[in-house]
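**Q** the following comprises the amino acid sequence and a computationally predicted model.
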Amino acid sequence: MQPYLPPSLRNFTPQYMAFSTWVDHLPFGYDIVAAVRPQLLVELGTQHGTSFFCFCQSMAENNIDGLCYAVDTWAGDEHTGEYDNTIFETVQQHARKNHASISYLMRMLFNDALNHFSDESIDLVHIDGLHTYEAVSEDFHNWYPKVKPGGVILFHDIQARMMDFGAWKFWEEIAPQYNSFTFKQGFGLGVLRKAGGAELTHPLLKMLFEGDAGTHEALRAFYAHASKFHELKRKVARQERHQQQKKQQQLDNAEKLAPSHQQPQ
Ligand SMILES: C[S@@+](CC[C@H](N)C(=O)[O-])C[C@H]1O[C@@H](n2cnc3c(N)ncnc32)[C@H](O)[C@@H]1O
C-alpha cells in the first residue's frame, strides 16, 4: 500500500465552525473530499453548515473542480427542533462570501430536490437529515440511484442511540451488503461505496474499502486522534482570545482611571 499523508494533517484549519456533532469528523470530511475529488457533491441536511463548509473548503484548498449542493428546508426537523431564518441567512452569507462559485443552497425538501439530479451523476452524497430509521432508509433508497457507480455515500449519526434515532439500525443492516467502513467516534460516521466504478487507486479509498482489520483499526485511531487534536487547537485558540480580551479590558479600565492630561494654558 502507498504511504499516505492525509491533507488534513498538512494544511487544514476549519474556516467555519458552528455548534454541531459533526466536529468529530472534520479531518475525515476534508480528506474524503480530497480523495474522491467530486465533480458533484450533494449534502442532505446542512443546518448551520459545519459539514458542508468543511467539504467546500476541501474542494477549494485541494483545487477540485466541482460543485457542492446543500439541500435543506432550513426549518428544522423533529430531532433538531424548529429553528428560525437566521441560521439560513448565516449559511447563505458564508457561502456567498467564501464559496460563491462552487456552492448552491437548495432550500427545499430532499424529495423535491431529487428531480434536479440525473441518475448516476453524484460522486459524493452526505445523508444527515432526520435520523429515524424510516427517514434514513428513505433518503438512502431515493438517492442511491443518483450516485455514480463507485461513488461514496456518508451517513452521519450511525452510533447515536437516543430518542427514536434509527440511523444505527439502518447502518447495521446496510453496511454488510456493501463495501463500507464505520467510524465510531462522536456520533459515528458510516462510509459506503456504491458497487462498480474504476479500480481504486487513492490510498485513503484503498484503506477504507480494501484494507485489512489492522489497517481499519489504525484508520479509526488516526481520525479519532485527529479530531481530538483539532478540538484541542480550538480550545487553545479560545483561551488565547479570552486572555487577549481580558488584557484589553484591563488596559481600557486603567486608561479610564488615569487622571486626564490637561493641556498647559
Ligand atoms: C442534523 S441537521 C444537519 C447537520 C449538519 N450536517 C451539520 O454539519 O451539523 C439535519 C437537517 O436536515 C434538515 N432536514 C431533515 N429532513 C429534511 C427533509 N426531508 N428535507 C429537507 N431538509 C430536511 C433539517 O432542517 C436540519 O437542518
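**A** That came through, no problem.
**Q** quick check, residue 55 in contact with residue 43.
**A** Yes. Contact criterion Cβ atoms under 8 Å: residue 55 and residue 43 qualify, at 7.0 Å. All C-beta atoms are positioned from the backbone trio N, CA, C, and that covers glycine.
**Q** so what sits against both of these two?
**A** Common contact partners of residue 55 and residue 43 (Cβ atoms under 8 Å, 6 or more residues apart in numbering): 68, 126.
**Q** contact residues of this structure facing the ligand?
**A** 20, 22, 45-48, 50-51, 71-73, 75-77, 80, 109-110, 128-130 (Cβ under 6 Å from any ligand atom).
**Q** counting only strands, which of these make the cut?
**A** 71-72 (DSSP state E).
**Q** now do the same for residue 180: helix, strand or coil?
**A** Following DSSP: H, G, I helix; E, B strand; the rest coil, the label given to residue 180 is strand.
**Q** contacting residues for it?
**A** Neighbour list for residue 180: 174, 190-193, 209 [criterion: Cβ under 8 Å, 6+ apart].
**Q** where along the stretch 51-200 of the chain do the strands fall?
**A** Using DSSP state E, counting those that start in this stretch, the strands of the stretch 51-200 of the chain run over residues 67-72, 103-107, 122-127, 147-156, 179-183, 189-193.
**Q** what is the neighbour count of the closest residue in space to residue 8 that isn't next to it in sequence?
**A** Excluding the flanking residues, the one nearest residue 8 by Cβ to Cβ, 6 or more residues apart in numbering is residue 27, at 3.8 Å. A count of neighbours around residue 27, defined by other Cβ atoms under 10 Å, yields 23.
**Q** I'd say residue 27 and residue 226 touch.
**A** Yes. Counting by Cβ under 8 Å, residue 27 touches residue 226, with 3.9 Å between them.
**Q** okay, and the common contacts of the two?
**A** Common neighbours of residue 27 and residue 226 (Cβ under 8 Å, 6+ apart) are 6, 8-9.
**Q** from those, pick the one nearest residue 62.
**A** Of all the shared contacts of residue 27 and residue 226, residue 8 has the smallest distance to residue 62: 10.3 Å, by Cβ to Cβ.
**Q** alright, I will stop here.
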